[in-house]
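Asker: Structure, please.
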Amino acid sequence: MTERENEYLENCKDTDARLRAERVVRRLCVMWKLKFIERKMKWDQDPGWPAKFVETTFMLYGHQFSLGPTDIGLSSDGWDQGFMESVQGIMEKDLEREGAIEIHSYGFID
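Answerer: This is a model prediction of the structure:
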């Protein structure tokens with residue numbers, strides 16, 4: 001019985017950590033949508049490059065996450081993916097401030 005109690009408590013802690021991490025990720029996504037509005041308007045007037053398979057992966061509170069363009073309010077269009085690729089460095093710094101580790105940004109110029 002004790003083992004099950006411990007297992008249950010560990011599962012609860014794991015669930016709590018996952019919920020906290022998800023809240024942080026949701027908050028960051030909303031922040032990025034607002035933070036990048038002006039930069040995106042400039043990009044749309046003079047786009048830099050199209051890209052594909054753009055994503056940022058990271059660990060937060062022991063849980064793996066992957067974000068793509070649609071997570072920060074963009075479409076999956078190649079030009080929007082290129083825009084995300086252009087701001088991934090900013091996203092990485094924000095993630096680090098929140099305690100994320102193993103941050104990796106990917107993308108291929110199309």
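
Asker: can you list the weak-confidence ranges in this protein?
Answerer: 1-13 (pLDDT under 70).

Asker: tell me the centre residue of it?
Answerer: Leu67 (3.9 Å; CA atoms, centre = their mean).

Asker: Beta-bridge partners for that residue, please?
Answerer: On the basis of DSSP bridges, Leu67 is bridged to Thr56.

Asker: ranges for the helices of this protein?
Answerer: Secondary structure of the chain by DSSP state H: the helices cover 2-35, 37-45, 78-97.

Asker: Buried ones in stretch 93-103, by neighbour count?
Answerer: In terms of neighbour count (16 or more other CB atoms under 10 Å), stretch 93-103 has its buried residues at Leu95, Ala100, Ile103. C-beta coordinates here come from the backbone N, C-alpha and C atoms, glycine included.

Asker: Dump these into a markdown table; add distance to Asp14 as well.
Answerer: Formatted as a markdown table, the buried residues of stretch 93-103 follow (distance: CB to CB, whole Å):
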| residue | distance to Asp14 |
| --- | --- |
| Leu95 | 21 |
| Ala100 | 17 |
| Ile103 | 21 |
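
Asker: quick one on the thing from earlier: nearest to Thr57, out of the helices of the chain?
Answerer: helix 78-97 (10.1 Å; CB to CB).

Asker: what angle do that closest one and helix 37-45 make?
Answerer: 150 degrees (axes from the mean of the first three to the mean of the last three CA atoms, to 10 degrees).

Asker: Run through who's touching helix 78-97.
Answerer: For helix 78-97, contacts defined as CB atoms under 8 Å, 6 or more residues apart in numbering pick out 28, 31-32, 35-36, 39-40, 43-44, 47-54, 56, 58, 60, 67-69, 72, 74, 103, 105, 107, 109-110.
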